[in-house]
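> Here is the input, now give the coordinates:
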Amino acid sequence: MDHINTQYLVQYVSQFGLWAPLVAFVLFTIQAMFPVVPYLIIAAVSGMLFGFKMGSFLAWAGALTGACLTYWLIKRLGYKSFLKWFYHSRGYDLRRLNPSVAFWTLVIARIIPVVPTPMINAGAALGGVSFLTFLFSSAIGKIPTAVLYTGLGLAVFNARDVRSALVILALALVILIFGWYLARKYYNANLS
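Residues are numbered from 1 along each chain as shown. You can find the predicted model right below:
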């Protein structure tokens, strides 16, 4: 996370004036589809320019839009016949897919940022998850990361000393570990 790149991005987005929120939204959408620029940097820039609430909303809405576009693109690119053959040859029956398990798996995958977003989007599209399950689970799962990354980005890039930045990063790590613990607990309870 380079401070110079963040300042450049702040200048770039702010030059659009009234259209700046739309530009930030588009950047989040593109980032969700092709993660070239780290989400944290765009979220920090969004928070710096539009405040915490609006920055978090733009981070959430843009990332959700990008995820949905990726889901539909993959779904519509003609993989259906290949997937039918692949699933049939592996004994995978889409009719037996449990929407509740798919929903909570996607929520947890979104909250705990271990798997890259494009892989989650592609996996859901190729795995037979319905669009409504994908949409609602992604909408819920993206809220914590949008809020956390916008706040974390704001705090880290506005921190004047290293100690404050380290405390903020430690708190974020504690939250991630707690989320991982809850996810393990949920899966172990469902396996029993």
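
> Buried ones in the longest helix along the chain, by neighbour count?
Ranked by residue count and defined by DSSP state H, the top helix of the chain is helix 39-76. Across helix 39-76, burial judged by 16 or more other C-beta atoms under 10 Å covers 39-50, 55-68, 70-71, 74-75. The way it works is simple: take the backbone N, C-alpha and C, and place the C-beta from them, glycine included.

> For the chain, which residues score under the pLDDT cut-off?
Low-confidence segments of the chain, defined by pLDDT under 70, are located at 1-4, 78-100, 156-166, 168-169, 172, 176, 180, 183, 186-192.

> same thing but at 90, please
Scanning the chain for pLDDT under 90 picks out 1-14, 17, 32-45, 47-49, 51-53, 73-130, 141, 143-192.

> any idea where the helices of the protein begin and end?
Using DSSP H, helices in the chain cover 3-14, 20-33, 39-76, 80-90, 99-111, 117-126, 131-158, 162-191.

> what's the closest non-adjacent residue to A102?
Spatial nearest neighbour of A102, excluding adjacent residues (C-beta to C-beta, 6 or more residues apart in numbering): V129 at 4.8 Å.

> what does A59 give?
A146 (3.9 Å).

> List the residues that contact that neighbour.
A146 makes contact with 43, 56-57, 59-60, 63 under the criterion C-beta atoms under 8 Å, 6 or more residues apart in numbering.

> I'd like to know how far it sits from A32.
Distance from A146 to A32, counting by C-beta to C-beta, to the nearest Å: 11 Å.

> Could you measure from I175 over to Y8?
Taken as C-beta to C-beta, the span from I175 to Y8 is 29 Å.

> again, but for A170
Applying C-beta to C-beta to A170 and Y8 gives a distance of 28 Å.

> now swap in F25 and tell me
F25 is 19 Å from Y8, by C-beta to C-beta.

> neighbour-wise, which of the two wins?
F25 (19 against 12; other C-beta atoms under 10 Å).

> Skipping its backbone neighbours, what lies nearest the more buried one in space?
Closest to F25 by C-beta to C-beta, 6+ apart is G62, at 4.5 Å.

> quick one, what contacts that neighbour?
Contacts of G62 (C-beta under 8 Å, 6+ apart): 24-29, 31-32.
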